[in-house]
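# give the three-dimensional model of this entry:
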Amino acid sequence: MPKEMTAGALAERSLITKYRKTIWNRFIGGCKDYELIKPGDRIAVCISGGKDSMLLAKCMQHLQKYSDFPFEAEYLVMDPGYSPPNRALIEQNARTLELPIRIFESPIFGVVDEVEGGSPCYLCARMRRGYLYKEAQALGCNKIALGHHFNDVIETTLMSMLYGAEIKTMLPKLHSTNFAGMELIRPLYLVREEDIINWGRYNNLRFLQCACRFTERTAHAEEDSARREMKRLIAEMKQHNKNVDINIFRSMHNVNLATAVGYRMGDDDELHSFLEKYDEKEGM
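Purely as a prediction, here's the structure:
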């Protein structure tokens, strides 16, 4: 009689059966299109405990088994000060999904909780990344992998325009400016959030939500956040144009600088104006 499959094995199998087109093929497509993983890489797969990072970890684990070339992975969990129940949930999900996680601790929640003014979420994200880079580098990794997905990309693009007064998106990979030789990659770049949610539900998994002390005290904060507003805005626009999210995504792959009034090549670079070369085109 065949041995009954474990919950972890079933969740992994569903990636290449029920969710092959919506998750697995898009995960592989993103890795190939943007050249995210190369032979000999040692990648720290960063797990926050949420649905996105848990799915990413399972995809990376499956890819390791069947990749055309060898690469290594560390499944890294940073505990920034989780409550005992939240940490227990992460550990339980890791056991269920059969992920060999490595946990390390940091004081981030305590530090952010004491800071007055500014955006606690922005500060937390910046600090998290620094600690993850440091730990990954100490483990001999040359890359960290984060669970940002398709919806994160288009929401970030709109947020930069409507709140930041610039056209800027979330890149599929980038070099670290503070940790030499390290890269950040986003293998779920083409995967939609709704498919991640459906995968979790299909496998009867319950994942950690945002669990910092700030949002625990102010439950309305996430609801009123700029990102939540972007989700609502995109959903409303899709009622009139079902491809609006795809068009936002593709627009950042098809920027026409000839029609840009101003542009910069980097955050700290000088702002250029279309007037600099305007007269050169006279009579063309």
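
# C-alpha from now on. contacts and neighbour counts both.
Will do.

# what comes up buried for stretch 16-27?
16, 19, 22, 23, 24, 25, 26, 27 (16 or more other Cα atoms under 10 Å).

# wait, the second one touches residue 199, no?
Yes - taking Cα atoms under 8 Å as the definition, residue 19 is a contact partner of residue 199 at 7.4 Å.

# biggest helix in the chain by residues?
helix 120-138 (DSSP state H).

# who are the packing partners of that one?
strand 42-47, helix 108-114, strand 143-145 (3 or more Cα pairs under 8 Å, 6 or more residues apart in numbering; DSSP states H and E).

# tell me which stretches of the chain form helices.
7-16, 25-33, 51-66, 84-96, 108-114, 120-138, 150-162, 193-202, 213-217, 220-223, 226-238, 244-251.

# could you dump the longest one to PDB, C-alpha only?
Coordinates of the C-alpha atoms in helix 120-138 are reproduced here as PDB (Å, rounded to 0.1, in the frame of the first residue of the first chain):
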ATOM      1  CA  PRO A 120       7.500  52.700  11.800                       C
ATOM      2  CA  CYS A 121       6.900  50.300   8.900                       C
ATOM      3  CA  TYR A 122       9.600  52.000   6.700                       C
ATOM      4  CA  LEU A 123      12.100  52.000   9.600                       C
ATOM      5  CA  CYS A 124      11.300  48.300  10.400                       C
ATOM      6  CA  ALA A 125      11.800  47.300   6.700                       C
ATOM      7  CA  ARG A 126      15.100  49.100   6.500                       C
ATOM      8  CA  MET A 127      16.400  47.500   9.700                       C
ATOM      9  CA  ARG A 128      15.100  44.000   8.800                       C
ATOM     10  CA  ARG A 129      17.000  44.100   5.500                       C
ATOM     11  CA  GLY A 130      20.200  45.100   7.200                       C
ATOM     12  CA  TYR A 131      20.100  42.300   9.700                       C
ATOM     13  CA  LEU A 132      19.200  39.800   7.000                       C
ATOM     14  CA  TYR A 133      22.100  40.800   4.800                       C
ATOM     15  CA  LYS A 134      24.500  40.600   7.800                       C
ATOM     16  CA  GLU A 135      23.300  37.200   8.900                       C
ATOM     17  CA  ALA A 136      23.200  35.800   5.300                       C
ATOM     18  CA  GLN A 137      26.700  37.100   4.600                       C
ATOM     19  CA  ALA A 138      28.000  35.400   7.800                       C
END
